[in-house]
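[1] have a look at this fold, sequence not included:
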Ligand SMILES: Nc1ncnc2c1ncn2[C@@H]1O[C@H](COP(=O)(O)OP(=O)(O)OP(=O)(O)O)[C@@H](O)[C@H]1O
Ligand SMILES: [Mg+2]
């Protein structure tokens, strides 16, 4: 396997994030020892059920976290460790070297300003562009994200555009300053299926064209299979399985990954009920000893309930956190 991850754009080691729950002050262990890396032109999918810590892990990279958050571990990026950088330094990195796309474009866009104004902001702030150079870059960016009549669109306001188009504008703002890493958190959830497919193609093209490292947070294994090279499956804040998408789709080693894959619609007979994973994930303020998936796992044995499983490594960089990962 050619491994552009050998010199990754970002490398995260033993990342832990705890948050304080407002209602009772309990400590939520949202991210519990996560390791991954993403190389140039590569796409990592972070996948898992709601509440498993995907967004917290992604936002921890640029420390867009609540004040109460405590972060441990190392985040190697651009020759430094972002885990120890000041908020001021991170502010200069966000939007310039690391860009983000969120689920709802309306959160990212201001209804009172034209698309052109909003596209101009990062270009002025981070790249000092002005006048003709600024305008040329605005047009170029709208073209890059597949928006026709860019001159007209630049003068319009968000409410004059469709959801799919707004998400493309958010994409244009994200890549405005040629970031090295793009983090997209559920970028297609708010879109209809056609716009969704188009947007996934766009992300793929941007990553290839600009050599971006791309992290896509999603609850959808279909999205992972469409555009990701590698996948990190999270459960209760842990990386329960990690590795190349093809290897994991061919032979998922963790029972949780197996269950997620079984829930992809095309993997089951037409008309059959989708398999659902029974039960609920554990409370992140009161994690059980042993494996957090044990209570729901069809392959559970006694040891799973008492002892934390070790990471088991397989060929090609696949690894799984499970006592029974070796078994076929
Ligand atoms: N601001 C916060 N304060 C306290 N706890 C939080 C905060 N944000 C998230 N959490 C908790 O952290 C855990 C992980 O949440 P996170 O949003 O990272 O999950 P997620 O995998 O992105 O879920 P989803 O698929 O629903 O977006 C959850 O238990 C959540 O309740
Ligand atoms: Mg989330």
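    Arrived safely, thanks for sending. Since the model is a prediction, treat every value here as computed from it, not as a measurement. Ligands and ions are numbered 1, 2, ... in the order given.
[2] which helix or strand contains residue 183?
    For residue 183, the element it lies in under DSSP states H and E is strand 181-185.
[3] helix or strand right after that strand?
    Next in line after strand 181-185, if elements are assigned by DSSP H and E, sits helix 193-210.
[4] and that next one, what's buried?
    Under the neighbour-count criterion of 16 or more other CB atoms under 10 Å, helix 193-210 has 195-196, 198-200, 202-204, 206-207, 210 buried. Backbone N, C-alpha and C define where each C-beta goes, glycine included.
[5] give the partner strands of the strand holding residue 183 in its sheet and their orientations.
    Strand 181-185 sits in its sheet next to strand 98-101 (parallel), strand 213-218 (parallel), going by DSSP bridges.
[6] could you check it against ligand 1 for contacts?
    No: Strand 181-185 does not reach ligand 1 (CB under 6 Å from any ligand atom); its nearest approach is 7.4 Å.
[7] the stretch 101-250 of the chain: helices as residue ranges?
    Along the stretch 101-250 of the chain, the segments classed as helices by DSSP state H, counting those that start in this stretch run 105-108, 115-127, 131-144, 150-154, 163-175, 193-210, 221-227, 245-250.
[8] what mean pLDDT does the fourth one get?
    The predicted model assigns helix 150-154 a mean pLDDT of 96.
[9] leaving out the residues flanking it, which one is nearest to residue 34?
    For residue 34, the nearest residue in space outside its immediate sequence neighbours is residue 15; the separation is 4.4 Å by CB to CB, 6 or more residues apart in numbering.
[10] could you export the strands paired with strand 181-185 as JSON lines, including mean pLDDT, mean neighbour count and distance to ligand 1?
    JSON lines is the format used below for the strands paired with strand 181-185 (pLDDT from 0 to 100; neighbours: other CB atoms under 10 Å; distance: least, CB to the nearest ligand atom, whole Å):
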{"stretch": "strand 98-101", "mean pLDDT": "94", "mean neighbour count": "24", "distance to ligand 1": "14"}
{"stretch": "strand 213-218", "mean pLDDT": "96", "mean neighbour count": "26", "distance to ligand 1": "7"}
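[11] can you put those in JSON lines and add distance to residue 310?
    JSON lines is the format used below for these (distance: least, CB to CB, whole Å):
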{"stretch": "strand 98-101", "distance to residue 310": "32"}
{"stretch": "strand 213-218", "distance to residue 310": "26"}
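[12] before we move on, the earlier item: of the helices of the stretch 101-250 of the chain, flag the one that's most buried.
    Mean neighbour count, computed with mean count of other CB atoms under 10 Å, is highest for helix 163-175 among the helices of the stretch 101-250 of the chain, reaching a mean of 23.
[13] which strands and helices sit next to that helix?
    Secondary structure elements in contact with helix 163-175, counted by 3 or more CB pairs under 8 Å, 6 or more residues apart in numbering; DSSP states H and E, are strand 98-101, helix 105-108, helix 115-127, helix 131-144, helix 193-210.
[14] between it and strand 181-185, how big is the angle?
    Using axes from the mean of the first three to the mean of the last three CA atoms, to 10 degrees, the inter-axis angle of helix 163-175 relative to strand 181-185 is 150 degrees.
[15] touching helix 163-175 from outside, list them.
    Residues outside helix 163-175 that contact it (CB atoms under 8 Å, 6 or more residues apart in numbering): 99-102, 105-106, 108-109, 115, 118-119, 121-122, 141-142, 144-147, 153, 158, 161, 182, 187-188, 190-192, 194-195, 198-199, 202-203, 206, 210, 212.
[16] residue 71 pairs with what?
    Residues found in beta-bridge contact with residue 71 (criterion: DSSP bridges) are residue 17.
[17] my guess is it contacts residue 12. True?
    No: taking contact to mean CB atoms under 8 Å, the distance of 10.9 Å between residue 71 and residue 12 leaves them out of contact.
[18] between those two, who's got more neighbours?
    Per other CB atoms under 10 Å, whichever of residue 71 and residue 12 has more neighbours is residue 12, with 25 against 18.
[19] surely that one and residue 76 touch.
    Yes: at 7.5 Å, residue 12 and residue 76 qualify as touching, with contact defined as CB under 8 Å.
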